[in-house]
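Trainee: Sequence and predicted model, in that order:
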Amino acid sequence: MKATLEEWRQARHAELAGADSWLGLVGLFWLEAVVSKVGSGDDCSVRLPSGPQHLGDLVQRDGSVFWQPAGGEARALATDRDGQPSTVDHENLSFFIVDRDGRFAARVRDRAWATRQPFAGIEHFPEDPAWVVDAEWLPLLPPVTMEVPNVTGELKPVTVAFKAAFTVDGQKVELLPMAVGEREVFFVFRDRTSGRETYGAGRFLKAKPAVDGSIRLDFNRAFNPPCAFTPFATCPLPPPENWLPFAVPAGEKRWHGGH
């Protein structure tokens, strides 16, 4: 059973207010060397805001990353490429490895961030049934490959085999999905509210898979990407095909907080 919009908003608030929120990130460090020193010391390439001068080393070997704690045994770390990554914890700090097409980075989190300034929430546009859109789910023959940029300026090829086509006030538009899975379809879009009432780089939208050639897009559940909350995330940007020529006054508004 699908959650109500209010339940969805509450779950979203709990996620952002929690210890593992994007708001708790305090660093993103690309691993450029085979051995990357981790700690609070000035000579560390993965710099922690507190703790010992040298906590240990991250070692790249055969396409994998290993954690070698100072005075301890090495262990392999799962990255975020295939799901939940392994974490290394030290007091309130933790870090994990992100994999961006074979390039690794350590993302550092302060799990006690909310004790200093708790998350106050996000404003939303009022719920509007008019922004629950049943779009046609049309095949693209042949499929197209888009070069999708992220906030670091890198381009990643994405192959798209379907598009969502719908009409707003007599204007026909299309959205291309960034990912199509068994449980959900993922879109990134901009509209005329972007940079004004909503986050400038666009918003995310997830939908249930299409049924009988139709996909329901509930823009009341459009939400801010991680990059709206932290400079230490890498987010896909909407391709030009997903720049809607009108305002979508639905979903999450721009976050104005800070910590």
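Mentor: Received it, and whenever you're ready, just let me know what you need. Everything numeric in this text was worked out from a predicted model, so none of it was measured. Residues are numbered from 1 along each chain as shown.

Trainee: How about Ala17: what's its closest non-neighbour residue?
Mentor: Closest residue to Ala17 apart from its sequence neighbours, by C-beta to C-beta, 6 or more residues apart in numbering: Phe119 at 4.0 Å. C-beta here means a position set from N, CA and C on the backbone, and glycine is covered the same way.

Trainee: Now do the same contact list for that neighbour.
Mentor: The contact partners of Phe119, by C-beta atoms under 8 Å, 6 or more residues apart in numbering, come to 13, 16-17, 21, 23, 257.

Trainee: Just name the lowest-scoring one in the residues you listed, pLDDT-wise.
Mentor: By pLDDT, Gly257 ranks lowest within these, coming in at 74.

Trainee: In this structure that one contacts Ala120, no?
Mentor: Yes: using C-beta atoms under 8 Å, Gly257 is in contact with Ala120, at 5.8 Å.

Trainee: quick check, Gly200 in a strand?
Mentor: No: assigned with DSSP: H, G, I helix; E, B strand; the rest coil, Gly200 falls outside any strand and is coil.

Trainee: From Ala207, how far off is it?
Mentor: For Gly200, the distance to Ala207 equals 23 Å [C-beta to C-beta, to the nearest Å].

Trainee: between these two, who's got more neighbours?
Mentor: Between Gly200 and Ala207, counted using other C-beta atoms under 10 Å, the more crowded position is Ala207 (21 against 12).

Trainee: roughly how far apart are the more buried one and Asp57?
Mentor: In this view, Ala207 and Asp57 are 43 Å apart by C-beta to C-beta.

Trainee: is Lys206 in a bridge, and if so with what?
Mentor: Beta-bridge pairing for Lys206 (DSSP bridges): Phe186.

Trainee: Could you check how many residues crowd around it?
Mentor: Neighbourhood size, Lys206 [other C-beta under 10 Å]: 17.

Trainee: Thought Val185 was touching it, still the case?
Mentor: Yes: using C-beta under 8 Å, Lys206 is in contact with Val185, at 7.0 Å.

Trainee: for the residue nearest to Leu175 when sequence neighbours are not counted, phi and psi?
Mentor: Closest residue to Leu175 apart from its sequence neighbours, by C-beta to C-beta, 6+ apart: Ala164 at 4.6 Å. Ala164 has phi and psi values of phi -100, psi 120 when expressed as degrees, to the nearest 10.

Trainee: can you tell me which residues contact Ala164?
Mentor: Here Ala164 is in contact with 135-138, 174-177, 187, 207, 215, 217 (criterion: C-beta under 8 Å, 6+ apart).

Trainee: Looking at those residues, which are in strands?
Mentor: Cross-referencing those against strands under DSSP state E gives 135-138, 174-175, 187, 207, 215, 217.

Trainee: Need the buried ones from the residues you listed selected in ChimeraX.
Mentor: Filtering those down to the buried ones (16 or more other C-beta atoms under 10 Å) takes a single ChimeraX command:
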select :135,137,175,187,207,215,217
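
Trainee: Would you format the ones in strands among the contacts of Ala164 as CSV with pLDDT included?
Mentor: Output for those, formatted as CSV (pLDDT from 0 to 100):
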residue, pLDDT
Ala135, 98
Glu136, 98
Trp137, 98
Leu138, 98
Glu174, 97
Leu175, 97
Phe187, 97
Ala207, 98
Ile215, 98
Leu217, 98
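
Trainee: for the ones in strands among the contacts of Ala164, which one is nearest Gly63?
Mentor: Phe187 (31.1 Å; C-beta to C-beta).

Trainee: Quick check: that closest one touching Met178?
Mentor: Yes: with contact defined as C-beta under 8 Å, Phe187 and Met178 form a contacting pair (6.4 Å).

Trainee: I appreciate the help and will end here.
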